[in-house]
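Asks: sequence and predicted structure are below.
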Amino acid sequence: MSRRRTGAGDLNQRIRFERATETELPGGGYGKTWAPIGSAKAERWIDGARERSAAMREEATSMVHFRIYRQLVNRLSLDTTMRVVWRGQALNIRAIADPGPPDRFAVIDCEAGVPT
């Protein structure tokens, strides 16, 4: 994606942020569940796809990027242990690029196609 200026009209996708929590299972032990912590309007683009071998099977992954208002990163305390849900698809957050002032936007790099 080129480094053009982003405007509010470019934020045309709705995404949700979720945080993992451990819950006690009825039969004993613990399991991971995901709880929503907030949502945002975002600009979305995909950057390349690749295949990799994991657990004796091939997985296709791609990097998906979301540009959101920078203030939301701080307000929601977003970090790489969380995930983004876009159109029902869960994406692992891999990096958050917060350029700081005076830029109004931050970029969240997510990986699609891997288990969360």
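Replies: Thanks, I have it.
Asks: and Asp10, what does it touch?
Replies: Glu43, Arg67 (Cβ atoms under 8 Å, 6 or more residues apart in numbering). (C-beta placed from N, C-alpha, C; glycine too.)
Asks: quick check: pLDDT value at it.
Replies: What the model reports as pLDDT for Asp10 is 86.
Asks: again, but for the one 10 residues further on
Replies: The predicted local confidence for Ala20 comes out at a pLDDT of 94.
Asks: that's a strand at it, yeah?
Replies: Yes - judged by DSSP: H, G, I helix; E, B strand; the rest coil, Ala20 forms part of a strand.
Asks: just give the nearest non-adjacent residue to it, would you?
Replies: Lys32 (5.1 Å; Cβ to Cβ, 6 or more residues apart in numbering).
Asks: show the contacting residues for that neighbour.
Replies: Contacts of Lys32 by Cβ under 8 Å, 6+ apart are Ala20, Thr21, Glu22, Thr23.
Asks: touching, the first one and Thr81? I think so.
Replies: Yes - applying Cβ atoms under 8 Å as the test, Ala20 and Thr81 come out as touching, 6.6 Å apart.
Asks: those two - which one has more neighbours?
Replies: Ala20 (12 against 9; other Cβ atoms under 10 Å).
Asks: whichever strand or helix holds Val85: partners in the sheet, and parallel or antiparallel?
Replies: Assessed by DSSP states H and E, Val85 sits inside strand 83-86. Each strand paired with strand 83-86, and its direction, by DSSP bridges: strand 13-24 (antiparallel), strand 89-97 (antiparallel).
Asks: and these, which is most packed in?
Replies: Highest mean neighbour count among the strands paired with strand 83-86 (mean count of other Cβ atoms under 10 Å): strand 89-97, with a mean of 16.
Asks: could you identify the longest strand within this protein?
Replies: strand 30-54 (DSSP state E).
Asks: who does it pair up with?
Replies: Short version: by DSSP bridges, strand 30-54 pairs with strand 13-24 (antiparallel), strand 57-69 (antiparallel).
Asks: right, I'll leave it there.
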